[in-house]
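A.B. asks: here are the coordinates; sequence isn't available:
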Ligand SMILES: CC(=O)SCCNC(=O)CCNC(=O)[C@H](O)C(C)(C)COP(=O)(O)OP(=O)(O)OC[C@H]1O[C@@H](n2cnc3c(N)ncnc32)[C@H](O)[C@@H]1OP(=O)(O)O
């Protein structure tokens, strides 16, 4: 699989910046809370899956499905009123599959404070109209991988 290196911003959290393109931006609502009053991890994963799907469709120029999720880490809770911003970056492609690094950041309610809340690498497979894997087309010039 062709892979690209991604930035490691763990050394200096104060200097941390989202990696990738802003793909989904949405607000966390009361209906998405768990018994603790925080937002369900499943809701955050769903937003990440949708963002990965958008990035995957763009890269694969057609339908894709999620086949695997690796290294999902919930770093901080998301709270009602936070703006969830999901960033995506294609970090590797195989014949029919793509690995997309996805970061979710929360802009805290009524502040400009931004925190990384969840990260994971999702694998999507390009599929044809019958749901069978199809080859990923070559990347557009200047884009990698
Ligand atoms: C169940 C759900 O609703 S989950 C949510 C939505 N997702 C889905 O519905 C997807 C359900 N799964 C499927 O339809 C099928 O498994 C498919 C179409 C994704 C893959 O079909 P398969 O017959 O397994 O295809 P195949 O074995 O050729 O693998 C296709 C690619 O996926 C990759 N792949 C398959 N399984 C995995 C896995 N668990 N992890 C990472 N990559 C995988 C293969 O390495 C291959 O990549 P490559 O062509 O780049 O080398």
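C.D. replies: Sure thing, it's come through. Here the structure is a predicted model, which is why all the values come from computation and not from measurement.
A.B. asks: what segments of this protein are helices?
C.D. replies: With helices called from DSSP state H, the chain shows them at 41-60.
A.B. asks: residue furthest from the geometric center of it?
C.D. replies: What lies farthest from the middle of the chain is residue 130; by CA atoms, centre = their mean that is 25.9 Å.
A.B. asks: and this structure, which residues reach the ligand?
C.D. replies: 65-68, 94-97, 123, 125, 127, 131, 133 (CB under 6 Å from any ligand atom). Placement of C-beta: from N, CA and C, glycine included.
A.B. asks: rerun that using 5 Å as the cut-off
C.D. replies: Applying CB under 5 Å from any ligand atom, one finds that the chain approaches the ligand through 65, 66, 67, 68, 94, 95, 96, 97, 123, 125, 133.
A.B. asks: name the nearest of the residues you listed relative to the ligand.
C.D. replies: residue 94 (2.2 Å; CB to the nearest ligand atom).
A.B. asks: report the contact partners of the residue nearest to the spatial centre of the chain.
C.D. replies: The structure's the chain has its C-alpha centroid closest to residue 102; by CA atoms, centre = their mean the separation is 2.6 Å. By CB atoms under 8 Å, 6 or more residues apart in numbering, the residues touching residue 102 are 20, 48, 51, 52, 86, 87, 88, 89, 119, 120, 121, 122.
A.B. asks: possible to save those as a markdown table with neighbour count and pLDDT?
C.D. replies: What follows is the contacts of residue 102, written out as a markdown table (neighbours: other CB atoms under 10 Å; pLDDT from 0 to 100):
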| residue | neighbour count | pLDDT |
| --- | --- | --- |
| 20 | 19 | 97 |
| 48 | 27 | 98 |
| 51 | 27 | 98 |
| 52 | 28 | 98 |
| 86 | 26 | 98 |
| 87 | 22 | 98 |
| 88 | 25 | 98 |
| 89 | 19 | 97 |
| 119 | 18 | 97 |
| 120 | 20 | 98 |
| 121 | 18 | 98 |
| 122 | 25 | 98 |
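A.B. asks: and the gap between residue 112 and residue 44?
C.D. replies: From residue 112 over to residue 44 the distance is 21 Å, taken as CB to CB, to the nearest Å.
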